[in-house]
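# Turn this into a structure:
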Amino acid sequence: MSLASVVIIGAGHAGFQVAASLRQEGYDGKITLIGDEPGLPYQRPPLSKAYLLGKITETSLLFRPAEFFETQRIELLHDQATAVDRLNRRVLLASGAVATYDHLVLATGAHNRPLPVPGAELEGVFGIKAKADADVLAPLVKEARNVVVVGAGFIGLEFAAVAAALGATVHVLELGDRPMARALSREMSELFRDAHEHWGVHFDFRQGLARVIGENGRVCAVETSDGRTLPADLVVFGIGVIPNVQLATEAGLQIENGIKVDASLLTVDPQISALGDAACFPCLYNDEQPTRLESVQNAVDQGRCIAARLMGKPAPYSALPWFWTDQGNLKLQIAGLSTGYDSTVVLGSVEAREVSVLCFRNQHLVAVESCNRMGDHMAARKILARPPKLTPQTAAAEGFDLKAWEAANRD
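Here you go, the predicted model:
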């Protein structure tokens, strides 16, 4: 192996996976993992649900215990990368230290889109991105009586379900016309709307936030776009994220809705790779259009892809995208990308909230959304990972079973 040192900026899912996979692939050189948060690298998805509810501990969040980093010889630096010197192949750090590399991996992730209204700086207004956010928020949500959630995406609704379960009155403001509209079919979106309303969550669609109202430096209410005032002792917003591209931009790398990479996740600099929430790549499941995906699956699979390439096993990144969210007693799992779908077939029981929505585009299956139907999700991942032959007409037939069809149609 000609690479003596690999430096990874970002210690989230993507960065950790590159480091772990390099060792699994037999890399024996120096690995430096740079993270700007204290403590050991940890999982982020539980922060807005199980961790807030106290169902899992801080230790349970960790990817691996401290001993793993020691035995695997992964140097973990708690520092902030301030610049990339491509000419001399080194990373400058806020502490004044320098990390030199033969190959650099940018796993810089994304940050919450800020709440662009007066009063956003008041105490009691939160975005959930890091463990520090959840640590402050956890005791507050247990005491909150009136909670306003801005944005009906995955994060906002995960938190809404937690707050409602803890007894708060929850009001969700959403500019769109339904929950999770960017990610879900109308059928699945409506199922989740009905469930949240059953739990006591109130939705206000086509409605924005005008300002956050404070008293003694702390939130006490919000004003909606149409001039109404809603009481609020806690405001949580989830209005999307912005990829962290500043380092890449200043280093002269190409930016296109993220750090632009090729099919093997290389930037224009052959000594620098990028992946995860920060990277925009030609996605096989989106007609090879430049695509940036925000999911644990994508971060992990891209990490494995980069590690394999660095160990002399290059291959285009071709993993099937899949996603999940847990809200109350509903587990939603999505396989594939439903971009541009033009027809759907619904399987299961809406009343029992056990449903799969099959999304087709031009008669081709492109995505399957499954609520509390894990078997369907696993079958969908197998079907979509090869050229899918399932048609809407077949799926709509009485008695159709996705798992049975997958088993009967394996190549």
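# Could you use CA atoms for every contact and neighbour count after this?
Will do.
# so where's this structure uncertain?
1, 411 (pLDDT under 70).
# Output the longest helix belonging to it.
Criterion DSSP state H: the longest helix present in the chain is helix 296-310.
# And the next helix or strand past that helix?
With elements assigned by DSSP states H and E, the helix or strand that comes after helix 296-310 is strand 322-327.
# Could you report the separation of residue 114 from residue 222?
Counting by C-alpha to C-alpha, to the nearest Å, the gap from residue 114 to residue 222 is 16 Å.
# So the two - more neighbours on which side?
With neighbours defined as other C-alpha atoms under 10 Å, residue 114 and residue 222 compare such that residue 222 has more, 23 against 15.
# so who does that one touch?
By C-alpha atoms under 8 Å, 6 or more residues apart in numbering, the contact set of residue 222 is 148, 209-213, 229-232.
# circling back to that earlier point, report all helices and strands that the longest helix of the chain contacts.
helix 13-24, strand 322-327 (3 or more C-alpha pairs under 8 Å, 6 or more residues apart in numbering; DSSP states H and E).
# the inter-axis angle of that helix versus strand 322-327?
Put simply, helix 296-310 runs at 150 degrees to strand 322-327, going by axes from the mean of the first three to the mean of the last three C-alpha atoms, to 10 degrees.
# relative to helix 13-24, how tilted is helix 296-310?
Orientation of helix 296-310 against helix 13-24 (the same axes, to 10 degrees) gives an angle of 40 degrees.
# Put the alpha carbons of helix 296-310 into CSV.
Only the C-alpha atoms of helix 296-310 are listed here, as CSV (Å, rounded to 0.1, in the frame of the first residue of the first chain):
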residue,chain,number,x,y,z
VAL,A,296,-27.0,6.9,7.4
GLN,A,297,-27.1,4.2,4.8
ASN,A,298,-25.5,6.5,2.2
ALA,A,299,-22.8,7.6,4.5
VAL,A,300,-21.9,4.1,5.6
ASP,A,301,-22.0,2.6,2.1
GLN,A,302,-20.0,5.4,0.7
GLY,A,303,-17.4,5.0,3.5
ARG,A,304,-17.0,1.4,2.5
CYS,A,305,-16.7,2.3,-1.2
ILE,A,306,-13.9,4.8,-0.5
ALA,A,307,-12.0,2.4,1.8
ALA,A,308,-12.1,-0.3,-0.9
ARG,A,309,-10.8,2.0,-3.6
LEU,A,310,-7.9,3.2,-1.4
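# For it, which outside residues touch it?
For helix 296-310, contacts defined as C-alpha under 8 Å, 6+ apart pick out 13-15, 17-19, 21-22, 25, 264-265, 273, 275-277, 314-317, 319, 321-323.
# repeat for stretch 77-87
9, 32-39, 90-95, 247-248, 250-251.
# which parts of that stretch are buried?
Residues of stretch 77-87 classed as buried under the neighbour-count rule (16 or more other C-alpha atoms under 10 Å) are 77-81, 83-84, 86.
# Quick one: end-to-end length of it, please.
23 Å.
# does residue 129 really touch residue 46, like I thought?
No: applying C-alpha atoms under 8 Å as the test, residue 129 and residue 46 come out as separate, 10.8 Å apart.
# picking that back up, mind putting the contacts of residue 222 into a markdown table with distance to residue 119?
Formatted as a markdown table, the contacts of residue 222 follow (distance: C-alpha to C-alpha, whole Å):
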| residue | distance to residue 119 |
| --- | --- |
| 148 | 14 |
| 209 | 11 |
| 210 | 10 |
| 211 | 6 |
| 212 | 5 |
| 213 | 6 |
| 229 | 14 |
| 230 | 14 |
| 231 | 14 |
| 232 | 13 |
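# Next step: these restricted to strands.
Of the positions in the contacts of residue 222, 148, 209-213, 229-231 sit in strands, assigned by DSSP state E.
# all strands of the stretch 301-411 of the chain, in order?
For the stretch 301-411 of the chain, the strands defined by DSSP state E, counting those that start in this stretch occupy 322-327, 330-336, 343-349, 354-361, 364-371.
# Pick the most deeply packed of the ones you listed.
Most buried of these, by mean neighbour count (mean count of other C-alpha atoms under 10 Å): strand 364-371, with a mean of 26.
# Now, of the contacts of residue 222, which are buried?
Among the contacts of residue 222, those classed as buried by 16+ other C-alpha under 10 Å are 148, 209-213, 230-232.
# Nearest to residue 397 among those residues?
residue 148 (43.1 Å; C-alpha to C-alpha).
# where's the residue of the chain most remote from its centre relative to residue 347, distance?
Distance from the C-alpha centroid of the chain peaks at residue 398, with 35.8 Å (C-alpha atoms, centre = their mean). According to C-alpha to C-alpha, residue 398 and residue 347 sit 10 Å apart.
# and what of residue 99?
From residue 99 to residue 347 the distance is 53 Å (C-alpha to C-alpha).
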